[in-house]
Each structure stands twice: as C-alpha cells, then as structure tokens.
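K.L.:
The sequence and its predicted three-dimensional model are supplied below.
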Amino acid sequence: MRLLVGATFVFSGFAKTVDPWGFVYKLQEYLAAWGLDWLPREALLCLAIGLAMLEFVCGLMLALGCLRRAAVWILSAMMAVMLPLTFYIMIANPVADCGCFGDAWVLSNTATFFKNLVLAAMLVCLILWNAGVGTLIDPLLQWIGITASVLYCLVLSVIGWWIQPVVDFRPFPVGSSLIAEVDDSGIGMVYERDGEERTFGVDDLPDDSWTFVRREGQLAGERAIAIYDGDEEVAENVIKPDGMQVLLTVPEPGLHGRARSHMCNKLSDYVGARGGSMLGLVPLSGDSLDAWIRMYNPKFTVLTMEDSQVKELARGDAGLVYLEDGQVQWKRNLYSFPGDFPNEYYSLDEVYVVDDGLLIRQLTGLLAMIISLTVLVSLLPKRKKSA
C-alpha cells in the first residue's frame, strides 16, 4: 500500500514537474471557472512548481519508508483538499479533466474522483500503521534524499519552463509528422446565427450569414493538426511536405513582447532566404488574429488554431517549432533564444536543443545513484558505542 500510494504521487508529481506550463494552464482553467483568473502568472508558476515538487518528494519518501509520519500527513492534507474538489468537478464539470497526471494520463472527472477516493482510504490506513514500517534510509541521512529530490524537480521545472519539457506527453512530440492521413467525416462545425447554433459537416458549410463558433468531434485515425484561414481548414495546404519550415506559436497574443516580434521578422527573412517559410499560429477564439497582426506587423503569414492545439504544439508565451519535410525536428521557447538571433554565430541547424532522452536519463540516473548510495550507507553495520 505504501509503495502503491508513493508511486502514484511520484508519477503525478513528475508529470507536472517536467511540464510546468501545462500545470499553469490547468490552474488557469480552474481559476477561470471560479472567476479568479486575475491572479498573476508568477504566483501560479510558483504554486504549480511547489505542488508538483511536494507530490514527487513526499511520494518518493513514502515509497522509501522515510518521513514515515510527515509524508503521510502531508499527502493526506493534499487529498483532503483534492477529494472534495474532484467530487465537485465530477458533478459540475467546470473543466474537461482535473490534470492530476498532466498530459501523461488523462482521466475522466468521474475516474479521477474514484481514484482519489481509493488513495484517501489507503492514506487513512497509512496514518494508522505506516509509522511501524521499516525505513530504507537512516533517519540521519534522510535530508540527502529530500535535497536530491527537490533539486531534481527544480532542474526539470526550469528546463520545462524556459526551453521545453524534457519528456513530451503532448500529441505532437519531436519526431512526429504534422502531415497525417485522416478521416474528417466525424467532424462537425458549429455555426451561430440570430442566437441559434447549428452543426454542419466539413463539406457542407453555410453561407456568410452564419458565424463560426467551434469544432466538434474527433478526427479518425492519426491525430492531425488543424489550422484555419478564416473558417477554412488549411493545414494540408500550409504545412510543407518538403523542405524547412518554422512555426511560431503564440497561445496568448497579449503576452507576446514587441521586442521578440522584431526578432521573428528577422527569423522569417532568414528562413525565406534559405528556401523555407515561416508561419505564425494564434488562437482561434476572439479577435486575437487581427489584434496581433495590427500590433506586431509580422512579415509572415499568420493563421489560427484551436486554443488547446496552440498550447500543445509548443510551450511558452511564444514558441518555435522547426520542421523538415513536415516532421518536427525540435521545439524551443522563443524567449530562451539569444536576443540577436539569427546572427553569424547561430543557424537553425546549430541552435542549442536539449537532448530530451539523454538529459532525463542523466538526471534520473543521478537521483537514483544518490538515493542508492544513501541506502547502502544506511545498511552498513552501525558501530556500537563503548560503555
């Protein structure tokens, strides 16, 4: 029971630690549903990293038998908040999913509540009996495992926020193709006129007297990216099947700084001079497209995407996605680029990009080595004090 609860919180904390942007977006969904979306992002970021770190560290300590009372009580306090919260979410459905495991494992609101109910029951048992469980780490050495776990979470969070998540659980990871053969017969396009909403098929769209509202349904087969020019879906026409292409994603246009917009225009010239193209992508909702174009005067084409897909494609207030033949080669938060990029010292092929697989193996291996050495030292025979 201790191992199961501990592993659950380790997985939950890890999924949110590597992708702080995703956790912040989920917190924003909650706050918007409750009318508290005025809270500053800096506060949400600190809260997101702190909660994810607390889950990971306490879960790991619980699994190792460390902090036998404190870890259980901290996790129980978290569950005392999450259990009624997920019950409310199951009934009221203010958000699509609770985000307990980030994008790594999306559960329905009902499944989330019953998962938390089981965890709460097991934590009650652990409150009663966990203090008697043997520990793998000597109490005098527990600080080593705690410190190493905290630093592990901080490094992953900083990289995930400033560059990109080192483990990508989103639909379009590096190596995936944005060109997909799909069946769109199950897609419905919802339009509104005079207060009436009606769903039309992709091949049977209404005249200009109707206003586009949203898209419903899922594409059959491989999930494809959806890009719109007005009401028309144009992804297959604008994603190049050969050559280089750079996509600039701006999920919240109001937060994209003017200084970086100048750099994007220089980057567009750089890509175009090498036979490539650049494409800007902003959310479909509201009037963000016209407002963004008026404010920043981009030299490249700017189109729209569904809000969630803009955020999924690349993390950051503004993100860059580099494609070769329609396949994702790397992603990068625009704000982590040198301010004078591109210049004579950098090219798109020489951009410093995190080797996700290598980095996560190195960091996790280092954490495992520190904890393993601490366990071995704890298992050494203790020298008895002379009388």
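P.N.:
That came through fine.
K.L.:
Apart from its chain neighbours, what residue comes closest to G326?
P.N.:
I179 (4.1 Å; Cβ to Cβ, 6 or more residues apart in numbering). Glycine gets a C-beta too; all of them are placed from N, C-alpha and C.
K.L.:
helix, strand or coil for the one you found?
P.N.:
State at I179, reduced to three classes by DSSP: H, G, I helix; E, B strand; the rest coil: coil.
K.L.:
Count the neighbours of it for me.
P.N.:
I179: 16 surrounding residues under other Cβ atoms under 10 Å.
K.L.:
list the contacts for R260?
P.N.:
318, 334-335 (Cβ atoms under 8 Å, 6 or more residues apart in numbering).
K.L.:
The stretch 51-200 of the chain: strands as residue ranges?
P.N.:
Along the stretch 51-200 of the chain, counting by DSSP state E, counting those that start in this stretch, strands occupy 182-183, 188-193, 196-201.
K.L.:
right, and the helix or strand after the one helix or strand in the chain whose mean pLDDT sits lowest?
P.N.:
Scoring the helices and strands of the chain by mean pLDDT, DSSP states H and E places strand 220-221 at the bottom, with a mean of 44. Later in the chain than strand 220-221, the nearest helix or strand by DSSP states H and E is strand 227-229.
K.L.:
Given that next one, what are its sheet partners and their directions?
P.N.:
The strands beside strand 227-229 in its sheet (DSSP bridges) come out as strand 232-233 (antiparallel), strand 301-305 (antiparallel).
K.L.:
Give me the distance from that strand to the chain's centre.
P.N.:
23 Å (Cα atoms, centre = their mean, to the nearest Å).
K.L.:
Show the average pLDDT along it.
P.N.:
In this model, strand 227-229 carries a mean pLDDT of 91.
K.L.:
can you check stretch 23-32 too?
P.N.:
Stretch 23-32 comes out with an average pLDDT of 90.
K.L.:
Stretch 200-218 too?
P.N.:
76.
K.L.:
That one: which residues count as buried?
P.N.:
Within stretch 200-218, the residues that qualify as buried by neighbour count (16 or more other Cβ atoms under 10 Å) are 210, 212, 215.
K.L.:
Equivalent analysis for stretch 236-256, please.
P.N.:
Those would be 236, 238-240, 244-253, 256, for stretch 236-256 by 16+ other Cβ under 10 Å.
K.L.:
pLDDT weak spots in the stretch 101-250 of the chain?
P.N.:
Across the stretch 101-250 of the chain, the ranges flagged by pLDDT under 70 are 180-186, 217-223.
K.L.:
Helices of that one, residue ranges please.
P.N.:
Along the stretch 101-250 of the chain, counting by DSSP state H, counting those that start in this stretch, helices occupy 109-129, 142-162, 235-238.
K.L.:
which one of the ones you listed is the most hemmed in?
P.N.:
Most buried of the helices of the stretch 101-250 of the chain, by mean neighbour count (mean count of other Cβ atoms under 10 Å): helix 142-162, with a mean of 18.
K.L.:
which residues touch it?
P.N.:
13-14, 17-21, 45, 49, 52-53, 56-57, 60-61, 64, 66-67, 135, 137, 165-166, 315, 333, 335-336, 354, 359-360, 363-364, 366-367, 370-371, 374.
K.L.:
Return the most buried member of the strands of the stretch 51-200 of the chain.
P.N.:
When the strands of the stretch 51-200 of the chain are compared using mean count of other Cβ under 10 Å, strand 188-193 is most buried, at a mean of 16.
K.L.:
Adjacent strands (with direction) for that strand?
P.N.:
strand 196-201 (antiparallel), strand 211-216 (antiparallel).
K.L.:
Mind giving me the PyMOL select for the contacts of R260, buried ones only?
P.N.:
Filtering those down to the buried ones (16+ other Cβ under 10 Å) takes a single PyMOL command:
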select buried, resi 318+334+335
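K.L.:
From the contacts of R260, which one has the minimum pLDDT?
P.N.:
Lowest confidence among those: Y335, with 84.
K.L.:
doesn't it fall inside a helix?
P.N.:
Yes: according to three-state DSSP, Y335 belongs to a helix.
K.L.:
residues in contact with it?
P.N.:
Contacts of Y335 (Cβ under 8 Å, 6+ apart): 162, 260, 316-318.
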